[in-house]
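A.B. asks: return a 3D structure for these sequence lines:
(chains A and B)
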Amino acid sequence: MKTFTHPPQTASVPPKAAPLASHRIPVNPFSTRFTRPGQIASLNCGGHFLNPNDLIERLQFLGGTAVIQGPHGSGKTTLLTHLSQELANRGDLAACVRLRSSGDASVVFRSIAGSRPGTTLCLDSWEQAGLLLGKLVRLATTLRRCGLLVTCHRPSGMPVLMQCETSPLLLKSIVEQLPDHQQIRSSLIHEADVQDAFLKCGGNIRESLYDLYDRFEQRVRPHSNARP
Amino acid sequence: MSQANQALVSSPSVAVHFDHSHRLYEPQDRLAIRYSIDGIENNERIRAVELSMLWYTEGKGEEDLGVHFFERITDRERLPPTVTIGSFVSQLPLSPLSYEGLIVKVRWCVRVRIFFAGGRDFVSEHVFELGEIPPAHTPSGDPAKLSA
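C.D. replies: As a prediction, this is how the structure comes out:
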């Protein structure tokens, strides 16, 4: 289980790709550091920005409980992170917890017990909760008058806030958000690589970014047969 | 001066000067830093400046970090715009050494973080190297074979 921490800032400036200390390998812009949830903006499959305010309004319209649904690597956690940050900025976040197994129940219930009515509990990987824990969490949040926003791969019986889908255009738009993307595209990673990575990874954006990470490493490093 | 003078919000720039050329250090070396902060608008108050020296991992998976030196300056007399330059000295540890692996890298950096009274912050990182481990070589051939 991992509890996300949210910095209190409303407009933090993320560090740029670290400059080279000397003659070494260029910084890989596909590193987790630049691609992890929260570092890149949430986009829909058309490559357009998703406005957290609009989605929170929709969450309220749905009664405060909803699911972000989609396959692996489709941006569910990224979107949940952005929405939980927005809720935190408003003072409306109960907690944001990543479930690893049903053994994380105690953390979830402690979060619910410590929450204020009207706040929202965000849970990543809802399927890890299992049927019984899932029902208990929903009951506890209802009794506490809290909202519940979860991510899940499959239909969960909750209203769907967002169905996450991927496309080559989405991957391309994400790559364009990464540090020094103009340089990456022109010299090391070409648009064809982005398309190829997307197809090779079956539309999984996370895996596609890992694939692009590997391509970048392959192209900036000396090969083993070139070793003196 | 920076070009932020006409803006309502500061666009800080942080310059860091390392005392070793090429920012290369050996384990247990003494590292001395001088820094300067520019581009702070007079109407934007700074709450704190944090100076740190740390290592972090960078790569495809989970990340880790360790802070070796940390100082938080909150005394107004020592903060911009009153004071815009500063320095610190620290002795480097034996490890971890900087490393350019394929899947994971270990980087050392000096980080200057500026906290504005309005709530936002600005982070500036300046990488240096501890030790001289040569970068890992990639196996030759198809790049796609790497991603297994």
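A.B. asks: I'd say A:Leu43 and A:Lys172 touch.
C.D. replies: No: A:Leu43 is beyond contact range of A:Lys172, at 10.2 Å (criterion: CB atoms under 8 Å). Placement of C-beta: from N, CA and C, glycine included.
A.B. asks: map the structural domains onto the sequence of chain A.
C.D. replies: In the assignment given by automatic domain parsing, the structural domains of chain A cover A:52-163, A:166-220.
A.B. asks: for the chain, what spans make up the strands?
C.D. replies: Going with chain A. A:2-3, A:65-69, A:93-98, A:120-124, A:147-152, A:160-163 (DSSP state E).
A.B. asks: my bad, the chain I had in mind was chain B
C.D. replies: With DSSP E as the criterion, chain B has strands spanning B:13-18, B:24-25, B:30-38, B:46-59, B:65-73, B:85-91, B:99-100, B:104-116, B:121-130.
A.B. asks: out of those, which is closest to A:Thr142?
C.D. replies: Closest approach to A:Thr142 among these (CB to CB): strand B:121-130, 37.2 Å.
A.B. asks: of all the domains of chain A, which one is nearest chain B?
C.D. replies: Of all the domains of chain A, domain A:166-220 sits nearest to chain B, with 3.8 Å by CB to the nearest CB.
A.B. asks: what's the offset of the closest one from the middle of its chain?
C.D. replies: Domain A:166-220 has its C-alpha centroid displaced from the chain centroid by 17 Å (CA atoms, centre = their mean, to the nearest Å).
A.B. asks: so which of the strands of chain A is nearest B:Glu63?
C.D. replies: Between those, strand A:2-3 lies closest to B:Glu63; by CB to CB that is 12.1 Å.
A.B. asks: can you name the residues that contact A:Leu171?
C.D. replies: By CB atoms under 8 Å, 6 or more residues apart in numbering or on different chains, the contact set of A:Leu171 is A:Val194, A:Ala197, A:Phe198, A:Ile205, A:Ser208, A:Leu209.
A.B. asks: wait, the fourth one touches A:Leu170, no?
C.D. replies: Yes: A contact is recorded between A:Ile205 and A:Leu170 when judged using CB under 8 Å, the distance being 6.7 Å.
A.B. asks: which neighbours do the two have in common?
C.D. replies: Counting by CB under 8 Å, 6+ apart, the residues touching both A:Ile205 and A:Leu170 are A:Gly75.
A.B. asks: for stretch A:47-60, give me every contacting residue.
C.D. replies: A:41-44, A:66, A:79, A:82-83, A:85-87, A:90, A:120, A:147, A:149, A:161-162, A:167, A:169-170, A:172-173.
A.B. asks: wait, stretch B:17-29
C.D. replies: With CB under 8 Å, 6+ apart, stretch B:17-29 has contacts from A:21-23, B:31-35, B:91-95, B:97, B:110, B:126-132.
A.B. asks: let's have the strands of chain B in CSV, adding distance to A:Phe49 and mean neighbour count.
C.D. replies: Output for these, formatted as CSV (distance: least, CB to CB, whole Å; neighbours: other CB atoms under 10 Å in any protein chain shown):
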stretch, distance to A:Phe49, mean neighbour count
strand B:13-18, 27, 16
strand B:24-25, 41, 19
strand B:30-38, 31, 17
strand B:46-59, 26, 19
strand B:65-73, 30, 13
strand B:85-91, 38, 14
strand B:99-100, 34, 19
strand B:104-116, 25, 22
strand B:121-130, 23, 22
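A.B. asks: out of the ones you listed, nearest to A:Leu62?
C.D. replies: strand B:121-130 (33.4 Å).
A.B. asks: how distant is the closest one from the center of its chain?
C.D. replies: Put simply, strand B:121-130 sits 1 Å off its chain's centre (CA atoms, centre = their mean).
A.B. asks: so what's the most centrally placed residue in chain A up against?
C.D. replies: The centre of chain A sits closest to A:Thr78, judged by CA atoms, centre = their mean, with a distance of 1.7 Å. Taking CB under 8 Å, 6+ apart, we find A:Thr78 in contact with A:Pro37, A:Gly38, A:Ile40, A:Ser42.
A.B. asks: tell me how many other residues crowd the first one.
C.D. replies: If I follow you right, that is A:Pro37. Neighbour count of A:Pro37, defined by other CB atoms under 10 Å in any protein chain shown: 20.
A.B. asks: do the third one as well
C.D. replies: A:Ile40 has 20 neighbouring residues, counting by other CB under 10 Å.
A.B. asks: let's see the pLDDT reported for the closest residue to it other than its chain neighbours.
C.D. replies: Closest residue to A:Ile40 apart from its sequence neighbours, by CB to CB, 6 or more residues apart in numbering or on different chains: A:Gln177 at 4.9 Å. According to the prediction, A:Gln177 has pLDDT 90.
A.B. asks: my guess is A:Gln177 contacts A:Ser42. True?
C.D. replies: No: taking contacts as CB under 8 Å, A:Gln177 lies outside contact range of A:Ser42: 10.6 Å.
A.B. asks: so the two - more neighbours on which side?
C.D. replies: Higher neighbour count among A:Gln177 and A:Ser42: A:Ser42, with 23 against 15, using other CB under 10 Å.
A.B. asks: any weak-confidence spans in the chain?
C.D. replies: I went with chain A, as the question did not name one. Low-confidence segments of chain A, defined by pLDDT under 70: A:1-24, A:184-186, A:222-228.
A.B. asks: switch to chain B, that's the one I care about
C.D. replies: B:1-8, B:140-148.
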